[in-house]
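In: Predicted model, plus sequence, below.
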Amino acid sequence: MELCDLRPAEGSRKTRKRVGRGPGSGKGKTSGRGMNGQKSRAGGGKSNGFEGGQTPLARRLPKLPGFTNFNRVEYLPVNVKRLDAKFEAGDVVDGESLKAKGIIKHADALVKVLGDGEITKPLTVKVDKVSASAKAKIEAAGGKVEEPC
């Protein structure tokens with residue numbers, strides 16, 4: 001076998017359709033586009049989203065209101081009733097301990113303690129933010145809230 005004997009597999013290569021090359025070619029005159037009409041013209045056809053002349057859905061719907069503040073800081077909310085259920089008296093509540101207890105997924109996430117529920121154990125809270133009601137409940141239970149909150 002020589003290099004010149006190599007041929008592609010049968011049926012693996014198709015010849016290009018050459019249109020507009022006379023009546024004998026089978027694709028002459030109208031080049032397989034039929035008679036007149038939108039699709040027979042060069043560049044003809046409907047664009048994406050065309051709805052037959054009706055105003056398209058993308059133009060019927062309003063633009064979204066408002067804007068997105070790219071300086072927004074998101075805090076993960078944790079209520080005091082959750083702290084009361086998961087922690088023992090005298091524990092320190094911070095990112096690492098919240099992650100260890102399964103309350104948050106990442107230890108470096110920003111956390112805000114909110115005042116929903118009651119707390120009966122004295123805890124030391126060291127998170128990013130604490131609401132005023134949560135701070136009052138923690139201190140009433142004998143705990144303390146430390147900075148940076």
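Out: Everything's here; your move. Here the structure is a predicted model, which means the values were calculated and not measured.

In: ok, V113 - how many residues close by?
Out: Number of residues near V113 (other CB atoms under 10 Å) recorded here: 29. Where C-beta positions appear, they are placed from N, C-alpha and C, glycine not excepted.

In: Now do the longest helix along the chain, average pLDDT.
Out: As assigned by DSSP state H, the longest helix anywhere in the chain is helix 132-140. Over the span of helix 132-140, the pLDDT mean works out to 95.

In: residues in contact with it?
Out: Contact with helix 132-140 is made by N79, V80, V113, L114, G115, E118, I119, L123, V125, V130, K144, V145, as judged by CB atoms under 8 Å, 6 or more residues apart in numbering.

In: when you check these against the helices, which ones overlap?
Out: Under the assignment DSSP H, the contacts of helix 132-140 contribute V80 to helices.

In: From the contacts of helix 132-140, which land in strands?
Out: Judged by DSSP state E, the contacts of helix 132-140 include N79, V113, L114, V125, V130, K144, V145 as members of strands.

In: Just among these, which is most surrounded?
Out: When neighbours are counted by other CB under 10 Å, V113 leads the ones in strands among the contacts of helix 132-140 with 29 neighbours.

In: which residues does it bridge with?
Out: Beta-bridge partners for V113, by DSSP bridges, are V78, V130.

In: Hmm, it is touching L83, no?
Out: Yes - contact criterion CB atoms under 8 Å: V113 and L83 qualify, at 7.0 Å.

In: list residues touching both of those two?
Out: Counting by CB under 8 Å, 6+ apart, the residues touching both V113 and L83 are V93, V125.

In: how about the helices in this protein?
Out: Secondary structure of the chain, counting by DSSP H: helices at 57-60, 80-86, 95-100, 132-140.

In: what would these look like in CSV with distance to G45?
Out: Shown next, in CSV, are the helices of the chain (distance: least, CB to CB, whole Å):
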stretch, distance to G45
helix 57-60, 19
helix 80-86, 60
helix 95-100, 57
helix 132-140, 63
